[in-house]
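Trainee: following is a predicted model, sequence given first.
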Amino acid sequence: MDYWNTSLTMSTEPSQPLTTQNNGDEHQVPIILELELIDVVYSPITLISDLPKKHLPSITSPSPLSKPFSDVTNRKRLVFIGDTHGRLTTLRSLLVKISFDNTTDHLILAGDLVTKGPDSKGLVQFARDIGASAVRGNHDDKVLEAAKWLSRIKQGKKWRGKAENEADSVSDDEEEVSEKEEEANDTLDVAGRRRRNKKPKGVKPEHIAVARSLSPSQLHWLASRPIILRVGHLSGAKTAPWNAKEVVVVHGGLIPSLPLEKQDPWAVMNMRSLAYELATSSAPDNTRNEDEKKNDGNINTTHKRITTIPLDTREGEPWSRAWNRYQNLISNASKRVAVVYGHDARSGLQVDKDITINLGKSPIPISARQITGTGDQTANVSAGGDVEIEIETKVEIESESDGGNGVEAERRKKKPKKFKGTRYAYGLDSGCGHGKQLSALVLEINESGDDIVHRIEQVECE
């Protein structure tokens, strides 16, 4: 199959400095021995990877001796593309439409490279060949689970065959004991292996088919994709959201206020919404002396503990709405985080820059929502992966002398329930896996060369 097109400017970058061989479909792939395949499919998950800074578009003040804005170093673009689902022809059409040139541009795939479409194997290889970055999606993960399962079955068959060959070589004196031991071992083995080799939950025939089709080196490349790709800070970006502290890419979503390092891998690949559990308790403020208490009245500290539960259904609040609210309530834009994601084909393209932040629709009480994003929260991860956010606020209790003015004054300080904001969560799954469109977010320097902006391009899925 011809993966190259004269309309695209490409230079291939080997993803691994390994000895290669032709695998029969014109792809040069690293040689991975059969024993190494076990390490390939059982390699540990990478939670976070950092994109090399050489790929970032950036704005620098040109020196008198530098080349004009047309210089290649000033024309770098980042191209983010949503769920491709094995539709290589469509991916190539989209890259042609945006005049992709991987000598200056860098492609980032937001997960789910495989299944549903006709050429998962070709798409994985194409991504490797052009040195693209990608995050692991839930379907990618299921294909890797299927590969592990197939590997266990294969190793089990080899173990049983080896045991049969060794049994043929035992002496007559040992044979009776060996048969009894083998009968006992076989009973335990069969029972144990049935449990261990049970098909993993959620793995479907399509995942197994793709796992069988991928070469060991392609499985290795897919398994080494991170759950979160940290693109980093875009130097020189002036306007929101790209002037944020950093840009990250995930497949499913993120829990607001939780550091990237503490995000749960399953949740990042699978979440669509968030559910909340709120518990409130009050206690006297014991940090104040008796004179202060007499002069200022009674002051209690209200502890609000919110447990945020990621869901792979739509039963809760869309995580992206919570993320947008959280980022917009951070007063310092340089501390915000922009996210590019896929996974949510039903919601479709989510890319309008200007949005309305509706505090009234949040399941979190208004008192807690006011504090969200200030940085005054303490987040902890429980063993189950839930997030516990402890919020502390001071609430004045009316005294006879103030006539209620203190409480009323506090109410007047509350934020309005709606306000205009900026999108910080960009969803790119426009349903290519269902035959709709494939979408790209192109991040580039504007025509005047003084800011970093984005545009959206789409093609119909073939």
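Mentor: Cool, the structure landed.
Trainee: in the stretch 1-150 of the chain, which spans are strands?
Mentor: In the stretch 1-150 of the chain, the strands defined using DSSP state E, counting those that start in this stretch lie at 20-22, 28-30, 48-50, 77-81, 105-109, 133-134.
Trainee: just the CA coordinates of the fifth one, formatted as CSV?
Mentor: These are the backbone C-alpha positions of strand 105-109, laid out as CSV (Å, rounded to 0.1, in the frame of the first residue of the first chain):
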residue,chain,number,x,y,z
ASP,A,105,4.6,20.6,11.5
HIS,A,106,4.0,18.1,14.2
LEU,A,107,1.0,15.8,14.4
ILE,A,108,-0.7,14.9,17.7
LEU,A,109,-3.4,12.2,17.7
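Trainee: that strand: partners in the sheet, and parallel or antiparallel?
Mentor: Applying DSSP bridges, strand 105-109 is found paired with strand 77-81 (parallel), strand 133-134 (parallel).
Trainee: and Ile456, which of those strands is closest to it?
Mentor: strand 77-81 (10.0 Å; C-beta to C-beta). In this view, the C-beta of every residue, glycine as well, is placed from N, C-alpha and C.
Trainee: what sits up against that closest one?
Mentor: 55-57, 91, 94-95, 98, 100, 104-110, 231, 249, 340, 426, 428, 438-444 (C-beta atoms under 8 Å, 6 or more residues apart in numbering).
Trainee: out of those residues, which sit inside helices?
Mentor: Within the contacts of strand 77-81, residues falling in helices by DSSP state H are Leu91, Leu94, Leu95.
Trainee: quick check: the last one touching Leu107?
Mentor: Yes - checked against C-beta atoms under 8 Å, the pair Leu95 and Leu107 is within contact range at 7.5 Å.
Trainee: narrow the contacts of strand 77-81 to just the buried residues.
Mentor: For the contacts of strand 77-81, a burial check counting by 16 or more other C-beta atoms under 10 Å picks out 55-57, 91, 94-95, 98, 100, 105-110, 231, 249, 340, 426, 428, 438-444.
Trainee: can you redo the strands of the stretch 1-150 of the chain as CSV with distance to Leu214 and mean pLDDT?
Mentor: Formatted as CSV, the strands of the stretch 1-150 of the chain follow (distance: least, C-beta to C-beta, whole Å; pLDDT from 0 to 100):
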stretch, distance to Leu214, mean pLDDT
strand 20-22, 16, 38
strand 28-30, 10, 42
strand 48-50, 21, 97
strand 77-81, 20, 97
strand 105-109, 16, 97
strand 133-134, 14, 98
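Trainee: can you put these in CSV and add distance to Gln458?
Mentor: Formatted as CSV, the strands of the stretch 1-150 of the chain follow (distance: least, C-beta to C-beta, whole Å):
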stretch, distance to Gln458
strand 20-22, 35
strand 28-30, 32
strand 48-50, 27
strand 77-81, 10
strand 105-109, 16
strand 133-134, 20
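Trainee: determine which of these approaches Thr308 most closely.
Mentor: Per C-beta to C-beta, nearest to Thr308 of the strands of the stretch 1-150 of the chain: strand 48-50, 19.8 Å.
Trainee: with Gly449 as the reference, name the closest of the strands of the stretch 1-150 of the chain.
Mentor: Going by C-beta to C-beta, the one of the strands of the stretch 1-150 of the chain nearest Gly449 is strand 77-81, 13.6 Å.
Trainee: just to revisit the earlier point, for Glu460, which of the strands of the stretch 1-150 of the chain is the nearest?
Mentor: Across those, closest to Glu460 is strand 77-81 (C-beta to C-beta), at 14.5 Å.
Trainee: what mean pLDDT does the strand or helix carrying Tyr326 get?
Mentor: Using DSSP states H and E, Tyr326 falls within helix 319-328. On average, the pLDDT along helix 319-328 is 93.
Trainee: quick one, helices of the stretch 301-450 of the chain?
Mentor: Counting by DSSP state H, counting those that start in this stretch, one finds helices in the stretch 301-450 of the chain at the ranges 319-328, 366-371, 405-412.
Trainee: actually the stretch 151-300 of the chain, not the one I typed
Mentor: Counting by DSSP H, counting those that start in this stretch, the helices of the stretch 151-300 of the chain are 172-196, 205-213, 216-223, 265-270, 290-296.
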